[in-house]
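Asks: what follows is a predicted protein model with its sequence.
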Amino acid sequence: MRYRPFGVSGAAISNLTLSFGLDNLARGREGALNLLYSALEAGVNSYRLETADPVAAEVLGEALAHVDRKLVCVSLTLGVGAGREAARDFSAEGMTGAIDRVLHFSGLGWIDVAVLHEPGEHELPQSSLNALKALRATGRIKRLGVAGGGEVMDTYVSTGAFDALVTPFDINADWRLRNRVRAAREQDMSVFAYDYFTDRRAKPRGTEPVAKKGFFGLGGAPKRPPQSRQSDAFGFLYRTPNWPAEAICLSYVLTDPTISSVIIRANDVERLSMLASTPERDLPPGLAAQIEMGRVTASAAA
């Protein structure tokens, strides 16, 4: 594992942040703990709680109790409910309750980054902002972050009120997204990347093409649109020996020095091991150039 500076405090954060939530509990408590212990052994010191679910918070707290609390970073996503069907809640009471619930069940002492999940332009009332300031003043949260990929993120970055930007970022990130990341770094914000990989072989399922019938109802096979240059712009990702396409994308995103950490998901130790070993691997020679050419090709064909 490799590490990068986190904020202005001089602390270090692992290249990878493990996202932890309800899906990780599907295999039971022991399976979730085994995953977390494996992440710690791999050098991961950054963890994201996807919701304020008390069970997830308790399991994460149990695993992290074995290390010095100051050596790990825990972020909590706010604005989403603890259940899959729960409504968004950016109210002062809702966010304060979520943070207090996580701290009570986890025993973590504090949340390093409280992240607002995709807030709208006018979705945060003044009472909510005051509540966040109070939580920060009392030490229950250390930093504030904002997450999302919409244009409103530019406004939130420009306010200077946030310490972290959580943003989608992959090998084909457009110039708007790259400019936003640079602006965040100029504001001394830490940048967490998610959605670093998309399986570009997957095709959206739609209606089957209908064959055009000729005289007497006769017709040939249905015609399909020709394959575009864009659809194979990144085909080399799946033809690189000893490198899964996801590992290539993860490694490439990590070459960007503006990215503090990349958020990963893993439900088993085998997948975690594959991802955790990626920061130590250097991309094969010429692969970065192929990615840049793929971006140009995809952009021209769009």
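Replies: Received, thanks. Numbering: from 1, shown residues only.
Asks: and residue 273, what's its pLDDT?
Replies: On pLDDT, residue 273 comes in at 93.
Asks: please name every helix or strand in contact with the helix or strand where it lies.
Replies: Assigned by DSSP states H and E, residue 273 belongs to helix 269-277. On a contact count with 3 or more C-beta pairs under 8 Å, 6 or more residues apart in numbering; DSSP states H and E, helix 269-277 meets strand 16-20, helix 29-41, helix 245-254. For the C-beta atoms, the positions are set from N, CA and C on the backbone; glycine is no exception.
Asks: swap the cut-off to 10 Å and go again
Replies: If contacts are counted by 3 or more C-beta pairs under 10 Å, 6 or more residues apart in numbering; DSSP states H and E, helix 269-277 sits against strand 16-20, helix 29-41, helix 245-254, strand 261-264.
Asks: what's the offset of the helix or strand following the longest one from the middle of its chain?
Replies: Once helix 29-41 ends, the next helix or strand along the chain (criterion: DSSP H and E) is strand 46-49. On the basis of C-alpha atoms, centre = their mean, to the nearest Å, the separation between the geometric centre of strand 46-49 and that of its chain is 10 Å.
Asks: put the alpha carbons of strand 46-49 into CSV.
Replies: Provided in CSV are the C-alpha atoms of strand 46-49 (Å, rounded to 0.1, in the frame of the first residue of the first chain):
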residue,chain,number,x,y,z
SER,A,46,-9.2,4.8,5.2
TYR,A,47,-12.8,3.6,5.5
ARG,A,48,-16.1,4.9,4.4
LEU,A,49,-19.4,4.1,6.1
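Asks: and the angle from the helix or strand following it to strand 16-20?
Replies: Per DSSP H and E, strand 46-49 leads on to helix 54-64 as the next helix or strand towards the C-terminus. Relative orientation of helix 54-64 versus strand 16-20 (axes from the mean of the first three to the mean of the last three C-alpha atoms, to 10 degrees): 140 degrees.
Asks: what packs against helix 54-64?
Replies: With contacts defined as 3+ C-beta pairs under 10 Å, 6+ apart, helix 54-64 has these neighbours: strand 16-20, helix 29-41, strand 46-49, strand 73-78, helix 92-106.
Asks: among those, which comes closest to residue 259?
Replies: Closest to residue 259 of those, according to C-beta to C-beta: strand 16-20, at 10.8 Å.
Asks: buried residues in the worst-scoring helix or strand of the chain on mean pLDDT?
Replies: Lowest on mean pLDDT, DSSP states H and E among the helices and strands of the chain sits helix 287-301, with a mean of 76. Buried residues in helix 287-301, counting neighbours by 16 or more other C-beta atoms under 10 Å, are found at 287, 288, 290, 291, 294, 295, 297, 298.
Asks: out of the helices and strands packed on helix 269-277, which comes closest to residue 111?
Replies: Residue 111 lies closest, by C-beta to C-beta, to one member of the helices and strands packed on helix 269-277: strand 16-20, at 13.5 Å.
Asks: just want the angle from the closest one to helix 269-277.
Replies: Using the same axes, to 10 degrees, the interaxial angle of strand 16-20 with respect to helix 269-277 works out to 150 degrees.
Asks: partners of strand 16-20, with directions?
Replies: strand 46-49 (parallel), strand 261-264 (parallel) (DSSP bridges).
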